[in-house]
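*Asks:* Quick check, what structure comes out for this input:
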Amino acid sequence: LLALVTPSIALGVAPGQIKSFVTFGDSYTDSSYYPSADGRYQWPTCSNFLTYRPFPPIMEWQNPAYLNETYSGSLALNAQETVYTIWIGTNDLGVNALLTGNDAPGAIDVLKRLYESGARNFIVQN
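*Replies:* Coordinates of the predicted model:
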């Protein structure tokens with residue numbers, strides 16, 4: 001029986017392989033937009049359909065903007081040489097849940113979109 005099982009070897013990235021780092025995230029990774037009245041930055045969420053905040057979320061703004069730039073050719077990255085990271089936080093835990101991948105957009109959906117576009121190296125932070 002063991003002879004019929006094909007071993008699977010998980011290979012990580014090779015030293016020197018990564019040349020680019022693309023981040024999608026909340027206020028920890030994207031603090032360049034929408035400063036608040038007290039000088040701090042607002043906290044965008046994974047999706048405004050999960051937890052509404054009037055700031056550009058990952059699912060409805062950051063991810064589509066990235067995909068548009070890569071599809072148009074204005075941003076050319078080699079997916080094998082790029083790490084894609086998504087940073088989500090406690091403000092992403094809305095009434096509609098977070099890591100569903102089915103009914104409501106969330107972190108899993110962002111990763112699926114990136115994978116479908118060719119991305120293969122991921123870091124998920126929380």
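
*Asks:* Now do the SS call for residue 108.
*Replies:* The assignment at residue 108 comes out as helix when based on DSSP: H, G, I helix; E, B strand; the rest coil.

*Asks:* Pull the number of nearby residues for it.
*Replies:* As a burial measure, residue 108 scores 16 neighbours (other C-beta atoms under 10 Å). C-beta here means a position set from N, CA and C on the backbone, and glycine is covered the same way.

*Asks:* again with residue 19
*Replies:* Residues lying near residue 19 (other C-beta under 10 Å) number 11.

*Asks:* list the contacts for it?
*Replies:* Neighbouring residues of residue 19 by C-beta atoms under 8 Å, 6 or more residues apart in numbering: 78, 81, 82.

*Asks:* Between the residues you listed, identify the one with the most neighbours.
*Replies:* residue 82 (19 neighbours).

*Asks:* I'd like to know the beta-bridge partner residues of that one.
*Replies:* Counting by DSSP bridges, residue 82 forms beta bridges with residue 20.

*Asks:* Check it and give its pLDDT.
*Replies:* The model reports residue 82 with a pLDDT of 94.

*Asks:* ranges for the helices of this structure?
*Replies:* With DSSP state H as the criterion, the chain has helices at 63-72, 107-116.

*Asks:* For residue 54, which of the ones you listed is the nearest?
*Replies:* Evaluated over the helices of the chain, closeness to residue 54 peaks at helix 63-72, with 17.3 Å, by C-beta to C-beta.

*Asks:* Can you name every helix or strand that that closest one contacts?
*Replies:* strand 20-25, helix 107-116 (3 or more C-beta pairs under 8 Å, 6 or more residues apart in numbering; DSSP states H and E).

*Asks:* Nothing else from me, thank you.
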